[in-house]
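*Asks:* Return atomic coordinates for the entry below.
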Amino acid sequence: MGKMSIQLSIVIFYVFMLFAISLYAKRRASAGSANFLFAGRKLNTALVAVNVAGLAVGAASTVGVAENAIQVGLAAGWYNAAWAAGAVAMGLLAAGKYRELNCTTIPELFERFYDKKGRVISVIGLITIQLVITSLQYLAGGAILASLLPGVFTFKTGMIASAVVFIGITLIGGLWSSGLSNIVSVVLIYLGVLYSTFTVVARQGGIGAISAALPQGTVDWFGPLGGLGLATIIGWFAVMITQTITAQGPVQIACGAKDVRTAKKGFLWGALIIFPIGFLSAVMGLAAKVAFPGIKATLALPKIIMSLDPFAAGVTLAALWAADVSTACTLLLGAGTLFSQDIYKRFINPNMTEGQYLSLNRKTIFGLGLVTLWFAFNAVGILKTLLIGLSLTTAFTVVFLFTIFAPGLCRKNSAFYTTLAGIIALAAWQFIPATRVFAHPIYMEWVVCLATFFIVAAVDSEKAKQAVVQPVTVE
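*Replies:* Residues are numbered from 1 along each chain as shown. Have a look, this model is predicted:
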């Protein structure tokens, strides 16, 4: 059997396993919308942890980090460390609160405590974020398959194959499917990345030999900051901590936990799983720079992996794609929930039956999956705008934190105007260069959103509703 055949066989076997798991999960997921969207709120600590890790460790956290390491060194791994910090913040500050409040989305929470227009503007912002990030996963999936199996996939057919798997798994089993599949995916990611990293480093004579072979005097390749400025790294942490607290993916996982304690512990364990993968991927990127001088940065990880033996290369290929699959499934489910719950059921057909609602969720996921695939085919520079887009979650995080920890400052219009100010600030950053007075838009977002929140608190006399814990119901 040829090298390409071995690698393709491993990928096909992995896809077969994912669909087998999804079909196993379908019976649970079809028992009601809460089972499909939130795994019946029965996820244990391990399933919460692997879901968090699966959401975080996507293409940007592996292929993207290795690509970045070509220019900035080991410090590229701080991207994953920032994600881990976000998971810790979610575990300590917010995951238990979401589970206790028994909510389903940030827009639902905003209407519960503020007003209808707060819900509308937040769902518009969150769906936009979800669709952009999901389309990135198709791009990455196509790039991975085309780079590592060029005789089988082109970039476009790789994207289509990725979309079929992403949409199919999510459609069949919902959060149960995503959770159980992530056990396989996270194990595969660790096996592939660990084995490849240690094999590549050993083959090149160790870290010391790689360091000595890198260009000297330009970048401190294995230093804590490398070619990055401290402001950039702090910006990564600010973005990831901000988005993890209020982006729909983490919120959905927290709401699926069986109780408050499980939600908290699951995110903390998830942080431990996330942390090392970025630095391991960065090491492989640096090894590729030494082994293939002048290599195009985007090809760093694929090239070094293809230099391994066929079985190791196949497992690692499946691992990289697994990272993409695990992220995309949770994102698609989150986007579907936002449309079905916060737009269709809330404003178009609030009296729909449970069966109709479950069917709507599946149709929505299928439709949004096709929309995001179209976005991916027509995308320009999504990788560059990813962190900028995630900055939009600042408004939601500011409102959420004050709602839970300082409700006395919350006013009826706080959610709407804080979110509106965040959207306007981000639009200004994108289209008016003179507004870019900060190192990263996340800093401007925090300044603008906090200022808006306090101004509303000062001028609006009507207080927001107080927090009410909803009874837990499982359909």
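*Asks:* Select the helix or strand of the protein having the lowest average pLDDT value.
*Replies:* In the chain, the helix or strand scored least confidently by mean pLDDT, DSSP states H and E is helix 382-390, which has a mean of 61.
*Asks:* packing partners for the next helix or strand after that one?
*Replies:* Per DSSP states H and E, the first helix or strand lying C-terminal to helix 382-390 is helix 393-405. Judged by 3 or more C-beta pairs under 8 Å, 6 or more residues apart in numbering; DSSP states H and E, the packing partners of helix 393-405 are helix 106-113, helix 116-148, helix 230-246, helix 414-431, helix 441-459. All C-beta atoms are positioned from the backbone trio N, CA, C, and that covers glycine.
*Asks:* From the rest of the structure, what touches stretch 43-51?
*Replies:* Here stretch 43-51 makes contact (C-beta atoms under 8 Å, 6 or more residues apart in numbering) with 39, 175, 178-180, 182-183, 185-186, 253-254, 256-258, 262-263, 265-267, 269-270, 273, 330.
*Asks:* Return a ChimeraX selection command for the buried portion of those.
*Replies:* The following ChimeraX line selects those of the contacts of stretch 43-51 that are buried, judged by 16 or more other C-beta atoms under 10 Å:
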select :39,175,178,179,180,182,183,185,186,253,254,256,257,258,262,263,265,266,267,269,270,273,330
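*Asks:* and Tyr114, how many neighbours?
*Replies:* 23 (other C-beta atoms under 10 Å).
*Asks:* Contacts only, for the nearest residue to it once chain neighbours are set aside.
*Replies:* Excluding its sequence neighbours, the residue lying closest to Tyr114 (C-beta to C-beta, 6 or more residues apart in numbering) is Ala415, at 4.0 Å. By C-beta under 8 Å, 6+ apart, Ala415 lies in contact with 110, 113-115, 118-119, 121-122, 399, 464.
*Asks:* State the pLDDT value of Ala415.
*Replies:* For Ala415, the model assigns a pLDDT of 94.
*Asks:* got it, and Ala34?
*Replies:* With respect to pLDDT, Ala34 has a value of 63.
*Asks:* Tell me which residues touch Ile273, please.
*Replies:* 49-50, 52-53, 57, 186.
*Asks:* so it sits in a helix?
*Replies:* Yes: per DSSP: H, G, I helix; E, B strand; the rest coil, Ile273 lies within a helix segment.
*Asks:* Please tell me how far it sits from Ala254.
*Replies:* Ile273 sits 16 Å away from Ala254, taking C-beta to C-beta, to the nearest Å as the criterion.
*Asks:* How about Ile6?
*Replies:* From Ile6 to Ala254 the distance is 40 Å (C-beta to C-beta).
*Asks:* Verify the contact between Ser122 and Thr419 for me.
*Replies:* Yes: shown here, Ser122 and Thr419 form a contact pair, counting by C-beta atoms under 8 Å, at 5.5 Å.
*Asks:* May I ask which helix or strand encompasses Ala84?
*Replies:* Counting by DSSP H and E, Ala84 is part of helix 78-89.
*Asks:* List the first helix or strand encountered after that helix toward the C-terminus.
*Replies:* That would be, after helix 78-89 and using DSSP H and E, helix 95-101.
*Asks:* hey, C-alpha coordinates of that next one in CSV?
*Replies:* Extracted in CSV, the C-alpha atoms of helix 95-101 (Å, rounded to 0.1, in the frame of the first residue of the first chain):
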residue,chain,number,x,y,z
ALA,A,95,-19.9,28.7,33.6
GLY,A,96,-21.6,28.0,36.9
LYS,A,97,-23.8,31.1,36.6
TYR,A,98,-25.0,30.1,33.1
ARG,A,99,-25.9,26.6,34.4
GLU,A,100,-27.6,28.0,37.5
LEU,A,101,-29.7,30.5,35.5
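*Asks:* Would you mind measuring from Ser281 to Ile124?
*Replies:* Where Ile124 is concerned, Ser281 sits at a distance of 34 Å (C-beta to C-beta).
*Asks:* If you count surrounding residues, which of the two has more?
*Replies:* Ser281 (30 against 16).
*Asks:* quick revisit: switch the contacts of Ile273 over to a markdown table; also include secondary structure and pLDDT.
*Replies:* Formatted as a markdown table, those follow (DSSP: H, G, I helix; E, B strand; the rest coil; pLDDT from 0 to 100):
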| residue | secondary structure | pLDDT |
| --- | --- | --- |
| Ala49 | helix | 94 |
| Val50 | helix | 90 |
| Val52 | helix | 92 |
| Ala53 | helix | 91 |
| Val57 | coil | 85 |
| Val186 | helix | 84 |
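*Asks:* Cool, thanks, signing off.
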